[in-house]
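K.L.:
how would this look folded up:
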Amino acid sequence: MLEMTNEWGQLRPANRIPVKLSPMMLLLGVLSVFQLTLLPGLLLIRFFPGKRSLIQQFAYLFMLSLLANYAAVLLLVTVGLYLRSVVLVLFAAEVIALVWLHRNQLVKPRGGWGNKVKTYAIKSLKSFAKWLRDDVWSASLYAIFGLIAVIGILWLLWIWVSNFYTVFQTWDAWAQWDLWARKWAENRFPGDTYEYPQLIPTSLSLSYKFIGTTAVKFFGKSIMPLFALMVGLMLFDLGRKNRSFGYMLGASLALYSLSLFLGEYIPEAYVDIPVASFSFMAIYTLLHARGIKDRRSLRNALLLGSLCTAAAAVTKQTGVFIMAFYPFLAYFWVLRPQKGMRQKEALTLITRGFLLVLVLVVPWYAFIEYQILTGGNTSAIQYVIYDIYQGRTLPERFVVAVASLGSYAFFFAFVLLSLFVLDNTFRQVVILLVLPFSILWAFFLSYEHRNLAVALPLLAMSVGVAVEAWILRIRAALGKRRELRIPLFALLALGALVLAAGSLLVNDEALVQRQLSEQRQIFEATLNQKLYRYFSRADGPEPIITSYPVGWLPELEMMWRLERFQDYDSYQQSLLTYTDANLLLVPLSGIDQRILAEIQQRIAAGTYQLIFTEANYRLVRIPLR
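P.N.:
Below you'll find the predicted structure:
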């Protein structure tokens, strides 16, 4: 979609909806979340039997459910049957089918879970203790990085829980993605989607169909943090399965990357983290599939991976990148090393998966391109690839893009230097996926960091695995000695080198800018942002009569004219005293109501001009006195 930025783009609506849900709406809303995340997947996963970890199973249930819902909504709208009654009947049919298929398990007595968990925990601790005795370095790093990854996963779970009962708070989420969802909910195709695929809007629309209104957002919105959570869980699962502290470090770095560049979008209905999650899920599937020997399980795993690429492609256009590479990676990573597998069999399996992907992906893209050609829709490609850069050349874009990454660019440098210590699989991840996608981003999509989302988990995983490869290589070079004695002067020299490198990387200006950036976030960050934005579009900072401590904000230290607005006479005196101030920043609570009434009256009369309202404050321009 067009990357729209205007002064309203930073407004934040009330964080929580002040409504009381009826018991029926609450029940239907919860059922809609079950439909979005699990129910279709529980039915479809039976077509893909295989031995999987709990995290693998949940990842595929999540992906299959969203993909099935997307296909169902697309089909129902096409035939004009996307009606609430139809949706609820289909949901009931799914529930009946699920109960019937699991009828034996439902009546079978269950027990002993506590003993099973206890046995598994004791076995795991004994195994780890033995590993710690045999290889203290690897086991200790595994525990440290694993703990950091768990903390990151718990942080995302906290975001998920905090996301309940909230509304959309970012521009594109409510102005585009939710707008399209509401149009889907009206049983019609959105007419202004540009080339953007619609998995997330159709998912949001499904929650609206369940509850019978588009006014309540938070049931559909509640699933959004799960996409980032899946990235952390999948990397953690790879680390657990392979006993690799590199994967554990990669999990921590992936969550750090998402927080750094897309933190505000984690709970929002933006598609960048979802497309990154599905894209990484495809690679995650291939990494697991390398160890599968059973042919049937292998075929099922590769088909699931293909469906992951389809889900990515119908979430955002950048998902097509992984979709295009998946058949080649599946062949060279998984099928070619399989003993006894003929080339014809391998190619047939890959072709079958790719055709399934095309059936799911092509209809929407073909439909949109037809609409664009016939004038029924508009293409955004020209704008987002060229016009938004305002004449900047490709080399200029690249330089600016790299600079915008800051110290994060060292991750790219590190994996490039690590290519010769990585195995072939991760060399291909870096050379075929991370670098090409990142270069394309730098040239054509670097107006937003979130467009880099697909590469972030892959880069984080590669960095983590590279760190492990370096450590193992260094240890091998040092021999098998358990204790490495280092002279004190060597430690001091190393510390001096680290300090010198830090001084080169972080100069005085960077420290000052960091301090100013942090200072601009104190008190009410959104209000400060609005003030700075307003002054940047005016002639610079102006004196403000206010009780808000603007004098603590950089560049506004001399602009504060203190008035507490608690006494009408004092307020009138301030207007006479501070004749250089033509701005009022008025609190909407804890104020003499006569002052508020007078200001409101003069705004209505046109004597005063309301500029904006933010964080319980109102900025008003008043005439010269």
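K.L.:
identify the residues contacting residue 458.
P.N.:
With contacts defined as C-beta atoms under 8 Å, 6 or more residues apart in numbering, residue 458 is in contact with 279, 280, 283, 429, 433, 434. All C-beta atoms are positioned from the backbone trio N, CA, C, and that covers glycine.
K.L.:
of those, just say which sits nearest to residue 382.
P.N.:
Proximity of the contacts of residue 458 to residue 382, judged by C-beta to C-beta, is greatest for residue 279, which lies at 25.2 Å.
K.L.:
burial count for the closest one?
P.N.:
Residue 279 has 33 neighbouring residues, counting by other C-beta atoms under 10 Å.
K.L.:
my guess is it meets residue 316, correct?
P.N.:
No - contact status for residue 279 versus residue 316: not in contact, 9.5 Å apart, counting by C-beta atoms under 8 Å.
K.L.:
residue 580 and residue 56, how far apart?
P.N.:
Going from residue 580 to residue 56 by C-beta to C-beta, to the nearest Å gives 66 Å.
K.L.:
out of those two, which sits in the busier spot?
P.N.:
Here residue 580 and residue 56 are set side by side on neighbour count (other C-beta under 10 Å), and the busier one is residue 56, at 21 against 12.
K.L.:
quick check: that one is in a helix.
P.N.:
Yes - applying DSSP: H, G, I helix; E, B strand; the rest coil, one finds residue 56 inside a helix.
K.L.:
and it, how far is that from residue 308?
P.N.:
Counting by C-beta to C-beta, the separation of residue 56 from residue 308 is 12 Å.
K.L.:
please identify the buried residues of stretch 309-324?
P.N.:
309-323 (16 or more other C-beta atoms under 10 Å).
K.L.:
what about residue 529, neighbour count?
P.N.:
One way to gauge burial is a neighbour count; for residue 529, by other C-beta under 10 Å, it gives 15.
K.L.:
how near is it to residue 574?
P.N.:
Taking C-beta to C-beta, one finds residue 529 at 26 Å from residue 574.
K.L.:
so which of the contacts of residue 458 is the most crowded?
P.N.:
Top of these by neighbour number is residue 279, holding 33 neighbours under the definition other C-beta under 10 Å.
K.L.:
average pLDDT for the strand or helix carrying that one, rounded please.
P.N.:
Using DSSP states H and E, residue 279 falls within helix 272-289. The average pLDDT within helix 272-289 is 97.
K.L.:
what angle sits between the very next helix or strand once past it and helix 272-289?
P.N.:
Sequence-wise, the next helix or strand beyond helix 272-289 is helix 295-313, with elements assigned using DSSP H and E. Interaxial angle of helix 295-313 relative to helix 272-289 (axes from the mean of the first three to the mean of the last three C-alpha atoms, to 10 degrees): 160 degrees.
K.L.:
can you point out the buried residues in helix 295-313?
P.N.:
When burial is assessed from 16+ other C-beta under 10 Å, helix 295-313 yields the following buried residues: 297-313.
K.L.:
and the residue nearest to residue 425 when sequence neighbours are not counted, what pLDDT?
P.N.:
Counting by C-beta to C-beta, 6 or more residues apart in numbering, the nearest residue to residue 425 once its immediate chain neighbours are dropped is residue 333, at 6.0 Å. In this model, residue 333 is scored at 95, pLDDT.
K.L.:
pretty sure residue 333 is touching residue 426, no?
P.N.:
No - Residue 333 lies out of contact with residue 426 (C-beta under 8 Å); the separation is 10.7 Å.
K.L.:
show me which of those two is the more surrounded one.
P.N.:
Each of residue 333 and residue 426 has its neighbours counted (other C-beta under 10 Å); residue 426 has more, 22 against 18.
K.L.:
for the helix or strand hosting the more buried one, list the C-alpha coordinates in PDB.
P.N.:
With elements taken from DSSP H and E, the one containing residue 426 is helix 424-428. The C-alpha trace of helix 424-428 is given here as PDB (Å, rounded to 0.1, in the frame of the first residue of the first chain):
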ATOM      1  CA  ASN A 424      27.100 -25.200   2.800                       C
ATOM      2  CA  THR A 425      23.500 -24.900   4.100                       C
ATOM      3  CA  PHE A 426      24.100 -21.600   5.900                       C
ATOM      4  CA  ARG A 427      26.400 -20.300   3.100                       C
ATOM      5  CA  GLN A 428      23.400 -20.700   0.800                       C
END
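K.L.:
returning to that earlier point: now render the contacts of residue 458 as a markdown table, adding distance to residue 119.
P.N.:
Rendered in a markdown table, the data for the contacts of residue 458 read as follows (distance: C-beta to C-beta, whole Å):
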| residue | distance to residue 119 |
| --- | --- |
| 279 | 37 |
| 280 | 32 |
| 283 | 33 |
| 429 | 37 |
| 433 | 40 |
| 434 | 41 |
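K.L.:
before we move on, back to that, contact partners of the helix holding residue 426?
P.N.:
Identification of contacts with helix 424-428 by C-beta under 8 Å, 6+ apart yields 287, 290, 329, 332, 333, 419, 462, 465, 466.
K.L.:
what does the next helix or strand after that helix contact?
P.N.:
Moving toward the C-terminus from helix 424-428, the first helix or strand encountered (DSSP H and E) is helix 435-440. Applying C-beta under 8 Å, 6+ apart, the set of residues contacting helix 435-440 from outside is 318, 321, 398, 412, 416, 452, 454, 455, 459.
K.L.:
give the buried residues for stretch 603-617.
P.N.:
For stretch 603-617, the buried set under the neighbour-count rule, 16+ other C-beta under 10 Å, comprises 603, 608, 611, 612, 614, 615, 617.
K.L.:
how about the contacts made by the second one?
P.N.:
So the one you mean is residue 608. So residue 608 contacts 584, 599, 602, 620, 621, 622, 623 (C-beta under 8 Å, 6+ apart).
K.L.:
mind checking pLDDT for residue 609?
P.N.:
Looking at residue 609, its pLDDT is 93.
K.L.:
meant to ask about residue 572
P.N.:
According to the model's per-residue confidence, residue 572 sits at a pLDDT of 92.
K.L.:
burial count for it?
P.N.:
Neighbourhood size, residue 572 [other C-beta under 10 Å]: 12.
K.L.:
now do the contacts for residue 442.
P.N.:
Taking C-beta under 8 Å, 6+ apart as the definition of contact, the neighbours of residue 442 are 397, 398, 401, 402.
K.L.:
could you dump these to CSV with secondary structure, distance to residue 147 and pLDDT?
P.N.:
Compiled in CSV, those are given as follows (DSSP: H, G, I helix; E, B strand; the rest coil; distance: C-beta to C-beta, whole Å; pLDDT from 0 to 100):
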residue, secondary structure, distance to residue 147, pLDDT
397, helix, 40, 93
398, helix, 38, 93
401, helix, 34, 93
402, helix, 33, 92
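K.L.:
which regions of this protein sit below the pLDDT cut-off?
P.N.:
For the chain, the stretches flagged by pLDDT under 70 are 1-22, 108-114, 479-514.
K.L.:
go again with 80.
P.N.:
When the per-residue scores of the chain are filtered using pLDDT under 80, the ranges that remain are 1-23, 105-118, 120-121, 128, 165, 339-340, 478-519, 625.
K.L.:
and the gap between the spatially most central residue of it and residue 194?
P.N.:
Here the mean C-alpha position of the chain is nearest to the C-alpha of residue 273 (C-alpha atoms, centre = their mean), at a distance of 3.0 Å. To residue 194, residue 273 is 20 Å away according to C-beta to C-beta.
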